[in-house]
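J.: make a model of this:
(one chain, ligands or ions: 2)
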Amino acid sequence: MPDTPRKLRSTEWFGSADKNGFMYRSWMKNQGIPDHEFDGRPIIGICNTWSELTPCNAHFRKIAEHVKRGVSEAGGFPVEFPVFSNGESNLRPTAMLTRNLASMDVEEAIRGNPIDAVVLLTGCDKTTPALLMGAASCDVPAIVVTGGPMLNGKLEGRDIGSGTAVWQLHESLKAGTINLHQFLSAEGGMSRSAGTCNTMGTASTMACMAEALGTSLPHNAAIPAVDSRRYVLAQMSGMRAVEMAREGLTLSKILTRQAFENAIRVNAAIGGSTNAVIHLKAIAGRIGVPLSLEDWTTIGRDTPTLVDLMPSGRFLMEEFYYAGGLPAVLRRLGEHGLLPHPDALTVNGHSLWHNVKDAPSHNDEVIRPLSKPLMADGGIRVLRGNLSPNGAVLKPSAATPALLRHRGRAVVFENLEHYKERIVDESLDVDANSVLVLKRCGPRGYPGMAEVGNMGLPPKLLRQGITDMVRISDARMSGTAYGTVVLHVAPEAAAGGPLAVVRDGDWIELDCDAGRLHLDISDAELADRLASLKADEAAAQPPGRRSGYERLYVDHVMQADEGCDFDFLVGCRGSAVPRHSH
Ligand code: FES
Ligand code: MG
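T.: Ligands and ions are numbered 1, 2, ... in the order given. Below is the predicted model:
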């Protein structure tokens with residue numbers, strides 16, 4: 001047995017020949033564990049978000065088996081445990097509502113159990129931030145293993161992307177260019193293997209963020225879910241977790257301010273999801289790293305988008321892996337001085353640059369050279385003004401360039417139900433220059449900040465061939481979605497933000513380059529409208545009783561610019577061993 005130079009947490013459970021040690025060991029032995037495995041070897045938790053209700057993570061039992069192999073091979077003791085699984089496709093009203101719940105589950109499970117290091121099995125969108133947030137609050141050694149993306153979707157011989165195809169086909173259906181049979185026949189072909197969305201949606205983005213942050217082994221983000229190399233990576237990660245436990249390589253040594261700066265730059269280069277803005281802020285908050293919305297402008301600005309993946313571009317995650325995956329992107333950025341902190345430490349004990357400096361690129365169409373970017377200035381724009389005093393975001397690579405500077409009249413929807421009822425009204429006073437405004441879909445208003453910000457266009461305009469319009473809301477949008485969509489307006493309408501007082505016919509100005517979002521009414525008029533808001537707001541609460549958790553959520557969730565964490569969860573609480581249970 002190799003030396004274990006530092007005292008492991010698990011010693012506090014299994015290391016004593018007294019009543020407590022007896023109890024902790026005895027019950028574990030009912031799983032068939034022999035005496036010699038309680039010899040002080042590191043206990044490696046495998047935090048599993050497996051669930052058949054989270055289709056993207058439904059193959060995780062097999063991944064966990066390969067992690068266990070690695071743990072055992074390196075002389076560790078693997079223990080798999082379940083945590084709340086946030087499945088994006090099934091969970092209503094939105095998986096975002098329970099991201100914080102899952103993070104609490106993870107934090108308490110790690111701290112309360114004999115765990116020396118943890119392997120975080122992440123996949124579907126919210127599972128990655130939830131597990132990183134929980135682990136960060138404990139600051140234990142942790143390594144991320146992602147489930148990997150699905151194989152390319154197929155429809156009539158061509159590739160279709162998860163999510164992105166749904167938005168496109170639905171617009172075609174409403175425009176009358178395809179029929180219902182064609183629409184529904186795409187279902188099976190879009191999701192034809194285990195894994196997460198194969199577009200550069202939020203799951204792929206967060207997998208890239210985990211890799212860019214240094215919390216996973218190289219190539220973790222892109223290896224397809226069903227590729228045998230995904231299982232090799234799981235095994236190697238299990239092995240590495242044992243070493244990390246022995247080395248005491250905790251998350252706070254990896255999740256530094258430098259790591260987040262690298263990740264923000266990488267998000268621009270991959271054309272990543274707007275949801276990363278919220279999740280990175282929440283993770284940073286847990287580990288105690290200051291991060292602001294402005295960092296997305298100052299660090300992300302002038303970074304070219306190199307990865308030509310849907311929804312911004314043409315390809316899917318399979319091609320991304322075959323083209324070299326994230327290491328190839330990191331190398332390109334680094335060679336052009338665009339990786340802010342190449343020396344940042346990663347989970348394998350090497351620097352980010354050491355890991356990628358020789359990474360090969362195999363396809364310049366998919367991972368473009370800097371001389372031929374998908375977009376010269378990618379990244380995420382932060383917009384401020386009297387309509388979003390605490391910020392809003394827009395992803396230019398997924399928008400229509402001509403709409404990035406726009407002045408139009410508001411067509412207002414007070415909530416999602418109002419939108420659904422009104423958007424199909426053929427007599428709605430709306431044209432291609434109008435600005436669609438959706439309220440009360442933010443963290444408190446929905447609640448949970450649903451992915452409804454990319455609201456579909458009015459059918460009558462779709463039939464005229466209109467494919468994009470400026471849309472503004474306090475909601476999020478799926479990372480697989482696209483359009484000139486202003487999201488995350490803060491404060492949200494349900495928290496009394498100015499969005500709540502926009503009226504039909506108001507003029508709104510968007511200037512993406514200048515970072516400006518302006519409601520063209522006088523300051524006095526705005527103040528008047530805000531003063532008379534209170535009664536309206538109460539009337540707009542969603543009907544029905546709130547669950548206990550929902551109550552907690554609405555009372556404690558912070559706004560989008562603060563990462564939508566609970567106010568009482570921010571910060572690192574460490575992994576000190578709690579009192580004995582008996
Ligand atoms: Fe799970 Fe997209 S729905 S990754
Ligand atoms: Mg999503």
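J.: worst-scoring helix or strand of this structure, pLDDT-wise?
T.: helix 534-539 (a mean of 56; mean pLDDT, DSSP states H and E).
J.: next SSE downstream of that one?
T.: Counting by DSSP states H and E, the next helix or strand C-terminal to helix 534-539 is helix 548-556.
J.: so what touches that next one?
T.: Helix 548-556 is touched from outside by 97-98, 100-101, 443-444, 447-448, 546, 566-568, with contacts defined as CB atoms under 8 Å, 6 or more residues apart in numbering. Placement of C-beta: from N, CA and C, glycine included.
J.: show me those residues that map onto strands.
T.: Nothing among the contacts of helix 548-556 maps onto strands, per DSSP state E.
J.: want to throw these into a markdown table with pLDDT?
T.: Below are the contacts of helix 548-556 laid out as a markdown table (pLDDT from 0 to 100):
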| residue | pLDDT |
| --- | --- |
| 97 | 98 |
| 98 | 98 |
| 100 | 98 |
| 101 | 98 |
| 443 | 97 |
| 444 | 96 |
| 447 | 96 |
| 448 | 97 |
| 546 | 87 |
| 566 | 98 |
| 567 | 98 |
| 568 | 98 |
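J.: who wins on neighbours among those?
T.: residue 443 (30 neighbours; other CB atoms under 10 Å).
J.: can you count the residues close to residue 335?
T.: For residue 335, using other CB under 10 Å, the count is 12.
J.: pLDDT wise, what is the residue of the stretch 301-450 of the chain found nearest ligand 1 at?
T.: Nearest to ligand 1 in the stretch 301-450 of the chain, going by CB to the nearest ligand atom, is residue 317, at a distance of 10.6 Å. Per-residue pLDDT puts residue 317 at 98.
J.: likewise for residue 542?
T.: The model's pLDDT for residue 542 equals 63.
J.: what of residue 377?
T.: Reported pLDDT for residue 377: 88.
J.: count of neighbours near the closest residue to residue 211 other than its chain neighbours?
T.: Excluding the flanking residues, the one nearest residue 211 by CB to CB, 6 or more residues apart in numbering is residue 221, at 4.6 Å. Residue 221: 29 surrounding residues under other CB under 10 Å.
J.: wait, residue 221 sits on residue 325?
T.: Yes: Residue 221 lies in contact with residue 325 (CB atoms under 8 Å); the separation is 6.5 Å.
J.: which element is residue 468 on?
T.: Per DSSP H and E: nothing holds residue 468, as it lies in no helix or strand.
J.: excluding its backbone neighbours, what's nearest it?
T.: Closest to residue 468 by CB to CB, 6+ apart is residue 400, at 4.3 Å.
J.: now do the contacts for the one you found.
T.: Residue 400 touches 467-468, 483-484, counting by CB under 8 Å, 6+ apart.
J.: mark which of those are buried, thanks.
T.: 468, 483-484 (16 or more other CB atoms under 10 Å).
J.: and of those residues, the nearest to residue 340?
T.: Ranked by distance to residue 340 (CB to CB), those are led by residue 484 at 28.7 Å.
J.: tell me the pLDDT at the closest one?
T.: 97.
J.: and it, its phi and psi?
T.: For residue 484, the backbone dihedrals (degrees, to the nearest 10) come out as phi -90, psi 80.
J.: just confirm it contacts residue 469, I think it does.
T.: Yes: taking contacts as CB under 8 Å, residue 484 lies within contact range of residue 469: 7.0 Å.
J.: which neighbours do these two share?
T.: What both residue 484 and residue 469 touch, as defined by CB under 8 Å, 6+ apart, is the set residue 403.
J.: contact partners for the residue nearest to residue 211?
T.: 146, 204, 207-208, 210-211, 325-326.
J.: is it in a helix, a strand, or coil?
T.: Using DSSP: H, G, I helix; E, B strand; the rest coil, the structure places residue 221 in coil.
J.: what does the one 3 residues further on give?
T.: Under three-state DSSP, residue 224 falls in the coil class.
J.: for it, give me the pLDDT.
T.: 98.
J.: for residue 525, what is the enclosing helix or strand?
T.: Per DSSP H and E: helix 523-531 holds residue 525.
J.: so which elements touch that helix?
T.: With contacts defined as 3 or more CB pairs under 8 Å, 6 or more residues apart in numbering; DSSP states H and E, helix 523-531 has no helix or strand neighbours.
J.: any idea of the mean pLDDT in the longest strand seen in the chain?
T.: Longest strand of the chain, by residue count under DSSP E: strand 405-413. Averaging pLDDT along strand 405-413 yields 98.
J.: same question for stretch 81-89.
T.: So the average pLDDT for stretch 81-89 ends up being 97.
J.: in that stretch, what's buried?
T.: Buried, per 16+ other CB under 10 Å, within stretch 81-89: 81, 83-88.
J.: what do you get for stretch 306-323?
T.: 306-313, 315-321, 323.
J.: picking that back up, got the contact list for the longest strand of the chain?
T.: Residues contacting strand 405-413 (CB under 8 Å, 6+ apart): 419, 422-423, 428-430, 433-439, 455, 470, 484, 502-513, 520.
J.: that strand pairs with which strands?
T.: Using DSSP bridges, strand 405-413 pairs in its sheet with strand 435-438 (parallel), strand 507-511 (antiparallel).
J.: minimum distance to ligand 2: which of these has it?
T.: strand 435-438 (17.9 Å; CB to the ion).
J.: count of neighbours near the residue in the stretch 451-582 of the chain positioned nearest to ligand 2?
T.: Of all residues in the stretch 451-582 of the chain, residue 478 sits closest to ligand 2, at 4.2 Å by CB to the ion. By other CB under 10 Å, the residues close to residue 478 number 26.
J.: what's the answer for residue 229, then?
T.: Neighbours of residue 229 (other CB under 10 Å): 12.
J.: without its sequence neighbours, what residue ends up closest to it?
T.: Going by CB to CB, 6+ apart, residue 229 has residue 223 as its nearest residue, at 5.1 Å.
J.: and the one you found, how far from ligand 1?
T.: 15 Å (CB to the nearest ligand atom, to the nearest Å).
J.: next up, the contacts around that residue.
T.: 148, 229-230, 233, 321, 325.
J.: 10 Å instead?
T.: 146-149, 195, 207, 229-234, 317-318, 321, 325 (CB atoms under 10 Å, 6 or more residues apart in numbering).
J.: next, count neighbours for the closest residue to ligand 1 within the stretch 351-500 of the chain.
T.: Using CB to the nearest ligand atom, the single residue of the stretch 351-500 of the chain nearest to ligand 1 is residue 480, 6.9 Å away. Close neighbours of residue 480, defined as other CB under 10 Å, add up to 29.
J.: name the element it belongs to?
T.: Assigned by DSSP H and E, residue 480 falls outside every helix and strand.
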